[in-house]
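**Student:** generate coordinates for the sequence data below:
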Amino acid sequence: MRMATRALTGLVPVFALHLATARAESPDGGPPDSSTATAPDGGTATPATTTPAAVDADAATPELTPEELAELAAATGSDSAAVKPLPETPKGGGAGQSLNPDIAVITDVVLGWFNTDSPLQVGGHDPAENGFSLQQVELAIGKAVDPYFRMDANLVFGHDGVEVEEAFATTLALPHSLQVRAGQFLTRFGRLNNTHLHAWDFVDQPFALSRVFGGEGNRGVGAELSWLTPLSWYVELVGSASEARGEGTTRSFLGEADVDEDSPLDFEYVLAAKQFFALSDNWSLAWGLSWATGPNPSGDSTRSDIFGTDIFLKYRPITYGSHTVVSLQTEALYRRRQVPDDTLQDVNGYAQLFWRFAQRWGTAARYEYGTGAYSADGARVPDPLDPFWTGLRQRTSAAITFWPTEFSRLRLQASADFLQWQDKPNLAAFLALEFNAGAHGAHAF
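**Tutor:** Numbering: from 1, shown residues only. Here you go, the predicted model:
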């Protein structure tokens, strides 16, 4: 609208110039005045013909008649008289890019039901009691700081206050396909750990991650270096060093222990290889290998190691119009912890299948498992971190999701948790609502 107004405004002096030229030609619309003029040398000059170039638009524009004003209004629009001049551009250049960051607010609320007073929901955002609960209100902030760094932060608001989930800078211009992150971040161990609640296909966190890393996911303050290799298929190598302490974030390492980090050996280190394969136009596969190592507080120089692998297979047709999305995601984690006079071991994992069968509808199913703790010789032993966990735990979940738009979703989920040390399963059902507003970038593949 502003561009159209500016164009019409620019027509006004041109149209007036045309009318002035016509007046200069002849009062009755005939040919130019052919009267002669005396030349400086006393001869006769050729008749003077007035051209538009000879008219001073600022000084020679005559007063327009009512008929000419009507013609001008018809040519430029009935509102041309109300058009005001645009303000002058301040010295030093035009309008610049906004320095305000992109901000999004994502809210998750849930109505839950359990058949037991002590459900084993240990995820930091899991519903854990009957009735309504606020899982989180996440404030996501992101912006390119300058040509060299980008800033991202995720602040989580809940009943217990405000928590800085992530706040880090990412380099944008390093050579040789290198990139560095520094600050507080979720480590890139596996596939699900470095994602947020609104990117999950289920209401709650797989207990494999909360058991091994903690309810808030494996994260800490540190630095990460990644390298995109020049191989013929996508291969990214990632290495990070971060603090090995944190409530709900480094459960297999120092956790909440009050232990000083006196040397580089007291950090948690994560190494990961991320691979991607385009199997066809409609099929793609991602495969990752991860390893995390760090100290644990059970003794002098005792350490924990976690090995993981993850697979993500996705079908999304792009060769024809369809809303169908099918994905299979699975992770397996093997944990080994040194304790005085022994080494404890356990295996945990999950597998989930997601199917978006319509534009607004999708469904998913998930299976989870976790073994008890075993000693180095294979005997079952009690686990100091989870004394109650004395056998195999398996949980199955099913969910159906409805998206009114891409900015909100409703999810109904039910689960059955089978504990080898209990006679009856723990049953649960959730009805969750999620809605978000603001600028929020697309999630990673």
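
**Student:** low pLDDT regions in the stretch 151-300 of the chain?
**Tutor:** Low-confidence segments of the stretch 151-300 of the chain (pLDDT under 70): none present.

**Student:** all strands in it, in order from the N-terminus.
**Tutor:** Counting by DSSP state E, counting those that start in this stretch, the stretch 151-300 of the chain has these strands, from start to end: 161-171, 178-186, 219-228, 234-243, 267-278, 283-295.

**Student:** tabulate these in TSV, adding columns for mean neighbour count and distance to Asn130.
**Tutor:** Placement of C-beta: from N, CA and C, glycine included. Formatted as TSV, these follow (neighbours: other C-beta atoms under 10 Å; distance: least, C-beta to C-beta, whole Å):
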stretch	mean neighbour count	distance to Asn130
strand 161-171	16	24
strand 178-186	18	30
strand 219-228	18	30
strand 234-243	18	36
strand 267-278	18	36
strand 283-295	19	35
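
**Student:** burial check on Ser322, number of neighbours?
**Tutor:** Other residues near Ser322 come to 12 when the count uses other C-beta atoms under 10 Å.

**Student:** secondary structure element holding it?
**Tutor:** Counting by DSSP states H and E, no helix or strand carries Ser322.

**Student:** could you measure from it over to Ala358?
**Tutor:** The gap separating Ser322 from Ala358 is 10 Å, by C-beta to C-beta, to the nearest Å.

**Student:** re earlier: want to try CSV for the strands of the stretch 151-300 of the chain, with distance to Phe307 as columns?
**Tutor:** Below are these laid out as CSV (distance: least, C-beta to C-beta, whole Å):
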stretch, distance to Phe307
strand 161-171, 25
strand 178-186, 19
strand 219-228, 19
strand 234-243, 15
strand 267-278, 10
strand 283-295, 6
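
**Student:** for Glu129, find the nearest of the ones you listed.
**Tutor:** strand 161-171 (18.8 Å; C-beta to C-beta).

**Student:** who does the closest one pair up with?
**Tutor:** On the basis of DSSP bridges, the sheet neighbours of strand 161-171 come out as strand 149-158 (antiparallel), strand 178-186 (antiparallel).

**Student:** any idea how far Arg191 is from Leu344?
**Tutor:** Leu344 sits 25 Å away from Arg191, going by C-beta to C-beta.

**Student:** count the residues that sit near Leu385.
**Tutor:** Neighbour count of Leu385, defined by other C-beta under 10 Å: 17.

**Student:** who's in contact with it?
**Tutor:** Leu385 makes contact with 251-252, according to C-beta atoms under 8 Å, 6 or more residues apart in numbering.

**Student:** now it: how far from Gln420?
**Tutor:** Going from Leu385 to Gln420 by C-beta to C-beta gives 18 Å.

**Student:** just Gln359 next, same as before
**Tutor:** Gln359 is 42 Å from Gln420, where distance means C-beta to C-beta.

**Student:** what does Phe312 give?
**Tutor:** According to C-beta to C-beta, Phe312 and Gln420 sit 29 Å apart.

**Student:** more neighbours, these two?
**Tutor:** With neighbours defined as other C-beta under 10 Å, Phe312 and Gln420 compare such that Phe312 has more, 18 against 12.

**Student:** next one: the strand or helix carrying the more buried one to chain centre, how far?
**Tutor:** The secondary structure element spanning Phe312 is strand 303-315 (assigned by DSSP H and E). With C-alpha atoms, centre = their mean, to the nearest Å as the basis, strand 303-315 stands 22 Å off its chain's centre.

**Student:** so which elements touch it?
**Tutor:** The criterion is 3 or more C-beta pairs under 8 Å, 6 or more residues apart in numbering; DSSP states H and E, and the helices and strands that strand 303-315 contacts are strand 283-295, strand 325-339.
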